[in-house]
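Student: only geometry, no sequence info:
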């Protein structure tokens, strides 16, 4: 038994407990056979969900980490810091070749 909506031509929509396969139900006021009518589904869809975890340091210095920019560091200073990291990497790579 389920609760479903049915529509009487004279009295409008009503709810009735019926078998899940029932296509018609008697109107409670006039007892005429009324067809099943789908009821609207009520609910909300969550658009987005964001969760933050704890900070994990990047495995190498070459990983792009923009947290300092978000904390207010000027872009020019951040770029100089990034260039220094890349320069150290190039220097180490060139030193290994010799």
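Tutor: Thanks, I have it. Every value quoted in this text rests on a predicted model; they were computed, and no experiment measured them. Numbers count the residues shown, from 1 in each chain.
Student: Could you check how far the spatially most central residue of the chain is from residue 21?
Tutor: Centroid-nearest residue in the chain: residue 48, 3.6 Å away (criterion: CA atoms, centre = their mean). Distance from residue 48 to residue 21, counting by CB to CB, to the nearest Å: 39 Å. Heads up, the C-betas are built off the backbone N, CA and C, glycines and all.
Student: for residue 62, same thing?
Tutor: 64 Å.
Student: For the two, indicate the residue with more neighbours.
Tutor: More crowded of residue 62 and residue 21, by other CB atoms under 10 Å: residue 62, with 12 against 7.
Student: Now do the SS call for residue 95.
Tutor: Secondary structure, DSSP: H, G, I helix; E, B strand; the rest coil: residue 95 is helix.
Student: And the pLDDT at it?
Tutor: pLDDT recorded at residue 95 is 87.
Student: just residue 37 next, same as before
Tutor: Residue 37 is assigned 89 on the pLDDT scale.
Student: Tell me, how many residues neighbour residue 36?
Tutor: Neighbours of residue 36 (other CB under 10 Å): 16.
Student: cool, residue 45 as well?
Tutor: Around residue 45 there are 4 other residues, counting by other CB under 10 Å.
Student: need the contact list for it.
Tutor: The contact partners of residue 45, by CB atoms under 8 Å, 6 or more residues apart in numbering, come to none.
Student: Quick check: residue 10 touching residue 33?
Tutor: No. The criterion here is CB atoms under 8 Å, and residue 10 misses it with residue 33 at 12.0 Å.
Student: can you list residues touching both of those two?
Tutor: residue 27.
Student: neighbour-wise, which of those two wins?
Tutor: residue 33 (12 against 9).
Student: What sits closest to that one if chain neighbours are left out?
Tutor: residue 24 (4.6 Å; CB to CB, 6 or more residues apart in numbering).
Student: Distance of residue 15 relative to residue 28?
Tutor: Separation of residue 15 from residue 28 (CB to CB) stands at 9 Å.
Student: what's the answer for residue 70, then?
Tutor: Using CB to CB, residue 70 is found at 63 Å from residue 28.
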